[in-house]
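A.B. asks: give me a model of this one.
(chains A and B)
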Number of protein chains: 2
Amino acid sequence: MTDQIKIFCPATIANISCGFDVLGVALDSVGDEMVVRKVSEKGIRITKLIGQDLPMETEKNVAGVAGLALLAASDHDGGFEIEIYKKIKAGSGIGSSAASSTGAVWAMNELLDRPFSKVDLVKFAMEGERLASGVAHADNVAPALFGGFTLVRSYDPLDVIPIPSPSELYATVIHPQIEVKTSDSRSILRTKITLAQGIKQWGNVGGLVAGLFTSDYDLIGRSLVDHIVEPIRSILIPGFHDVKSDAIKAGALGCGISGSGPSIFAFGKGVDTAQKVAQSMKEVYKNIGIAYDVHVSKVNIEGIRRI
Amino acid sequence: MTDQIKIFCPATIANISCGFDVLGVALDSVGDEMVVRKVSEKGIRITKLIGQDLPMETEKNVAGVAGLALLAASDHDGGFEIEIYKKIKAGSGIGSSAASSTGAVWAMNELLDRPFSKVDLVKFAMEGERLASGVAHADNVAPALFGGFTLVRSYDPLDVIPIPSPSELYATVIHPQIEVKTSDSRSILRTKITLAQGIKQWGNVGGLVAGLFTSDYDLIGRSLVDHIVEPIRSILIPGFHDVKSDAIKAGALGCGISGSGPSIFAFGKGVDTAQKVAQSMKEVYKNIGIAYDVHVSKVNIEGIRRI
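C.D. replies: Here you go, the predicted model:
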């Protein structure tokens, strides 16, 4: 039995337009790497953390906290050491904390010979999300663990539904280097919406899920609409409306805020379109004078994997 | 070319739990019959109306009004005569007006050699719904015309998405003989909901659509939840909560208000379960002393048909 594995932990887009708090998707070309080792010493230790300035104390690190949740539920007598090679920037809105927390528990589960289900792993990883944002949400950890698109239908009980991804669907993500705190981004949301807004939103969620099942790219595009959250949160992201309109002009099926921002995602059919969309997004931030990272990625249909 | 056709116009369930205002489904064992004749005389005449006490003047009849909308858009020089044999009770909440208005326009389109698309026909039939309830909604006319489950993703522009139905899915519908006016049923709804309620609702819509695509009966059942409308509208339907809990005990996947009531629907896997659910529903109204009709039906996957 292997006592150490090296893994790729994908970045993820949550809140996919109409799918606020329920829909997420895993990416393929951007993610962290981790090395997890089973050791006889009890507890979890973060032994390396390269690439981002994040706490290494187990109790303050999302991978540590998620790992402790798994350890508490397992009958493993020893512990684990974790090396984290961050490629996803913290605070970018593409599931940086989820990549670390899911990577830790996925790898530990492999090293223990899979005593836990994927849904169990989602629950453990959600403890990392609670540490990161104050809310134990699952919309990034679910796609990181299941791959592809996932719907978190319910939290009580936790119900994660995998949704298929059309083979030519690509995501383009631009991360403008500004800071938007998840807590700020959440506090500006209204706690009430109109019934009419709700009806439009769940009509679009139904349309998006149907479009993903039938590989109907046009329907996916028509459904990528958010009447509720985007109009408010986009205020915090300079250039958002130009990025969106230019992405659509460049051929994107739809465009919205990734997670709670500041990253902006678009979906497109085929890699060429996704590259054109990336170019159009870059131009906007070049003109405004804000630094950025851009990722063009196929949908990652397997989630976390060994490397 | 035939100048007359006889058709079956299915009853429909709208608002399917979480799918308020967007999801509907067509039934197979209950519906109206109509005979529609192409004539040289201009305009629309309702020449027979058997089974229900409804107005026969064209402008006051939903089939007449829907027919006029089609006629105005067509280049047909003559008119149509319509005979309506109502089997669906008006005000029952299973799409009585939608059956008449869709039947009229579907048959006229056939007799004119199909100049109009199904979406066009939905639009014409919606004029009948406007007459019946004051709101030109599509959640009954869409499934009557398309068959199976339909999602009305958007009204502007009108976007109707057919959703597949698992082969063993049956509906049980009970119609307690009490009057609930659609206008009353609509006026008691709150115009605002919480964001948290909305998130649960669109999570369930996503789950229901996914369950229908994958024939996952359990997922369909888990998703048939309505946190928003049912708690309010069910107040107008005596016995609702007993009917629902007994239906679930009898094996129903889920249970809710059909349209704006007073009919109550349940879905079940297989005809035997659907029959048991029907029995359990009947018992409730026998005990309360309210007369009722019960329908057990496969999902009608083709919609309106010639007979």
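
A.B. asks: off-centre distance for the host helix or strand of residue A:98?
C.D. replies: Using DSSP states H and E, residue A:98 maps to helix A:96-111. Centre-to-centre, helix A:96-111 and its host chain are 13 Å apart (Cα atoms, centre = their mean, to the nearest Å).

A.B. asks: and stretch A:299-307, by the same measure?
C.D. replies: 13 Å.

A.B. asks: what residues sit buried inside that stretch?
C.D. replies: Within stretch A:299-307, the residues that count as buried by 16 or more other Cβ atoms under 10 Å in any protein chain shown are A:299, A:300, A:301, A:303, A:304. C-beta: built from backbone N, CA, C; applies to glycine.

A.B. asks: before we move on, the earlier item: quick one: average confidence on the helix holding residue A:98?
C.D. replies: What helix A:96-111 shows for mean pLDDT is 97.

A.B. asks: for it, name the packing helices and strands.
C.D. replies: The contact analysis (3 or more Cβ pairs under 8 Å, 6 or more residues apart in numbering or on different chains; DSSP states H and E) places helix A:96-111 against strand A:4-14, strand A:23-39, helix A:62-73, strand A:79-85, helix A:118-133, helix A:141-146.

A.B. asks: residue ranges with poor pLDDT in the stretch 51-200 of chain A?
C.D. replies: Within the stretch 51-200 of chain A, the ranges that satisfy pLDDT under 70 run A:182.

A.B. asks: ok, so of the buried residues of stretch A:299-307, who is nearest residue B:217?
C.D. replies: Set against residue B:217, the nearest of the buried residues of stretch A:299-307 by Cβ to Cβ is residue A:301 (25.2 Å).

A.B. asks: for that closest one, give me its contacts.
C.D. replies: For residue A:301, the contact set (Cβ atoms under 8 Å, 6 or more residues apart in numbering or on different chains) comprises A:26, A:147, A:148, A:165.

A.B. asks: so which of the helices and strands packed on helix A:96-111 is nearest residue B:174?
C.D. replies: strand A:23-39 (35.2 Å).

A.B. asks: hang on, the earlier thing: would CSV of the helices and strands packed on helix A:96-111 with distance to chain B and mean neighbour count be doable?
C.D. replies: Converted to CSV, the helices and strands packed on helix A:96-111 look like this (distance: least, Cβ to the nearest Cβ, whole Å; neighbours: other Cβ atoms under 10 Å in any protein chain shown):
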stretch, distance to chain B, mean neighbour count
strand A:4-14, 13, 25
strand A:23-39, 7, 24
helix A:62-73, 23, 24
strand A:79-85, 31, 22
helix A:118-133, 13, 23
helix A:141-146, 12, 32
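
A.B. asks: most neighbours out of the contacts of residue A:301, which is it?
C.D. replies: residue A:26 (33 neighbours; other Cβ atoms under 10 Å in any protein chain shown).

A.B. asks: who's in contact with that one?
C.D. replies: With Cβ under 8 Å, 6+ apart, residue A:26 has these contacts: A:10, A:11, A:12, A:143, A:144, A:146, A:147, A:148, A:299, A:300, A:301, A:303.

A.B. asks: ok, residue A:20 touching residue A:226?
C.D. replies: Yes: judged on Cβ atoms under 8 Å, residue A:20 makes contact with residue A:226 at a distance of 6.7 Å.

A.B. asks: which neighbours do these two have in common?
C.D. replies: residue A:201.

A.B. asks: export the helices and strands packed on helix A:96-111 as a markdown table, with columns for distance to residue B:287.
C.D. replies: Output for the helices and strands packed on helix A:96-111, formatted as a markdown table (distance: least, Cβ to Cβ, whole Å):
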| stretch | distance to residue B:287 |
| --- | --- |
| strand A:4-14 | 49 |
| strand A:23-39 | 44 |
| helix A:62-73 | 47 |
| strand A:79-85 | 60 |
| helix A:118-133 | 41 |
| helix A:141-146 | 45 |
